[in-house]
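Asks: Here's a sequence, model it:
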Amino acid sequence: MSIRETIEQLRPALDAWGQFVVDRLMGLVKLEVGDERFPMFFKVEPGFRLKDPGSAERKQEKKRYANPAEQMTDLVGARFVVLLQTDIEIVERAIQSHTAWIKRKDRDPNGERDEQPTHFDYQSVHYILRNNRETELYGVKVPEGMACEVQIRTLLQHAYAELVHDKFYKAVKLTPPSARRLVARSMALMETTDQMFCEAVRELELVNQERGQWCALADEEIGPLIPGFTRTEDDADALEILDTFKHLLDAANRDEVKSMKSGPLVAKIQQRAAGGGLFSKPVVLLVYWLVKEHGIELDAHWPLPALRSDIDRIKSDLGIGQT
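Replies: Below is the predicted model of the structure:
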């Protein structure tokens, strides 16, 4: 049986296995990243494709597989395009976590970089996922051992592959050395860019994590005192205060901030909450601490002129500036 006939005979099972791999990996990724992030996680709609019969024939002529249905591992392939290298790791964890397939890492750019640290070329993580037992998927029987090649790329790697690997190299018989050097330089630039993006994202996540902790503290301590309060993380004024004085809050002791919630201050916050302004926001607890510990700097950099009068009332509550 020719390879073309083999593909045609296996087409229903290949379609079912490719669809299963895509559906299951998308479901596992969604579980990790959450409903809010998931719709934007993949930068190209995940999908699968069957190998072109002409391409399969050329590969068979070159490789001379004794059993191409088993040995040609890319008869069906799935591709996942994400934003950053750290997102590739999320898809890899999904692959590693599932038991419906036998997985083998077929290509690892990290290992290739270790072996050839001065070489810059096409990068994409490849896995071969084989069905670990005969099973029925979408009404089709899929034999044990059927393979699906999975490629995982960043968006930059995808652009490189589309322009260079799939079009540039295949378009000419001989690639000029100058063009090869330009391609290598572009790959080096993309690798550097990806690393810098990842570092920037890590810094932003750290900032957001710290800000989130202050939001949670304010809501927990003061929120119950304010009828129908807006959560601090949803309050633009509160976030402006947190961002302006982040450098001061980074050094703050949370227990000291909590201690500002004394009996007299609680009563004053409750009395004024209905009037709106700063006293209707849980972040007021942090402002009390900032006024007490860093009053001069707060006065110099207070970002919300409309709430300036509330700062004077807080100073009065703390006995600051009173004779």
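Asks: what about the protein, any weak spots by pLDDT?
Replies: Within the chain, the segments meeting pLDDT under 70 span 107-123, 165-176, 204-209, 321-323.
Asks: With adjacent residues omitted, what lies nearest to the most centrally placed residue in it?
Replies: Closest to where the C-alpha atoms of the chain average out (CA atoms, centre = their mean) is residue 87, at 5.0 Å. Of all residues not flanking residue 87 in the chain, residue 41 sits nearest, at 6.8 Å (CB to CB, 6 or more residues apart in numbering). In short, each C-beta sits where N, CA and C put it, glycine included.
Asks: which ones are touching that neighbour?
Replies: 29, 33, 82, 83, 87, 90 (CB atoms under 8 Å, 6 or more residues apart in numbering).
Asks: Output those as CSV; include the columns secondary structure and distance to residue 300.
Replies: Converted to CSV, the contacts of residue 41 look like this (DSSP: H, G, I helix; E, B strand; the rest coil; distance: CB to CB, whole Å):
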residue, secondary structure, distance to residue 300
29, helix, 47
33, helix, 41
82, strand, 44
83, coil, 39
87, helix, 41
90, helix, 43
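Asks: Return the closest of those with respect to residue 272.
Replies: Nearest to residue 272 among the contacts of residue 41: residue 33, at 41.1 Å, using CB to CB.
Asks: unless I'm mixing things up, that closest one is touching residue 90, no?
Replies: Yes: in this structure, residue 33 is within contact of residue 90 by CB atoms under 8 Å, at 6.6 Å.
Asks: one step back: for the residue nearest to residue 87, give its distance to residue 86.
Replies: 12 Å (CB to CB, to the nearest Å).
Asks: Can you point out the buried residues in stretch 223-242?
Replies: For stretch 223-242, burial by neighbour count (16 or more other CB atoms under 10 Å) applies to 223, 225, 226, 229, 230, 232, 233, 235, 237, 238, 241, 242.
Asks: did I read that right, the fifth one in a helix?
Replies: When you say that, I think you mean residue 230. No: assignment of residue 230 by DSSP: H, G, I helix; E, B strand; the rest coil gives coil, placing it outside any helix.
Asks: Against residue 200, how distant is it?
Replies: 30 Å.
Asks: Then the first one?
Replies: Relative to residue 200, residue 223 is positioned 32 Å away (CB to CB).
Asks: cool, the second one as well?
Replies: When CB to CB is applied, the distance between residue 225 and residue 200 equals 38 Å.
Asks: do the last one as well
Replies: When CB to CB is the yardstick, residue 242 and residue 200 sit 20 Å from each other.
Asks: now, which of the contacts of residue 41 sits nearest residue 274?
Replies: Scanning the contacts of residue 41 for proximity to residue 274, where the rule is CB to CB, the winner is residue 33, at 40.3 Å.
Asks: Near that closest one, how many other residues are there?
Replies: The number of residues packed near residue 33 is 16, by other CB atoms under 10 Å.
Asks: now swap in residue 217 and tell me
Replies: Other residues lying near residue 217 total 18 when counted by other CB under 10 Å.
Asks: For the stretch 201-323 of the chain, which segments count as helices?
Replies: Assigned by DSSP state H, counting those that start in this stretch, the helices in the stretch 201-323 of the chain fall at 236-244, 246-249, 254-258, 263-273, 284-301, 308-318.
Asks: now these as a markdown table including distance to residue 179?
Replies: Formatted as a markdown table, the helices of the stretch 201-323 of the chain follow (distance: least, CB to CB, whole Å):
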| stretch | distance to residue 179 |
| --- | --- |
| helix 236-244 | 47 |
| helix 246-249 | 48 |
| helix 254-258 | 58 |
| helix 263-273 | 68 |
| helix 284-301 | 54 |
| helix 308-318 | 63 |
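Asks: Do a quick rundown of the helices in the stretch 51-200 of the chain.
Replies: 53-63, 68-71, 85-97, 109-115, 155-160, 169-171, 177-222.
Asks: ok, and which of those helices has the densest surroundings?
Replies: helix 155-160 (a mean of 20; mean count of other CB atoms under 10 Å).
Asks: for that one, packing partners?
Replies: With contacts defined as 3 or more CB pairs under 8 Å, 6 or more residues apart in numbering; DSSP states H and E, the packing partners of helix 155-160 are strand 76-82, helix 177-222.
Asks: what would those look like in TSV with distance to residue 271?
Replies: Below are the helices and strands packed on helix 155-160 laid out as TSV (distance: least, CB to CB, whole Å):
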stretch	distance to residue 271
strand 76-82	52
helix 177-222	14
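Asks: Tell me which of those sits nearest to residue 317.
Replies: helix 177-222 (14.1 Å).
Asks: Using the record, which stretches count as separate domains in the chain?
Replies: Listed by automatic domain parsing, the domain ranges of the chain are 3-171, 208-318.
Asks: which residues pair with the spatially closest residue to residue 20 that is not a sequence neighbour across the strands?
Replies: Nearest residue to residue 20 in three dimensions, chain neighbours excluded: residue 137, at 4.8 Å (CB to CB, 6+ apart). On the basis of DSSP bridges, residue 137 is bridged to residue 140.
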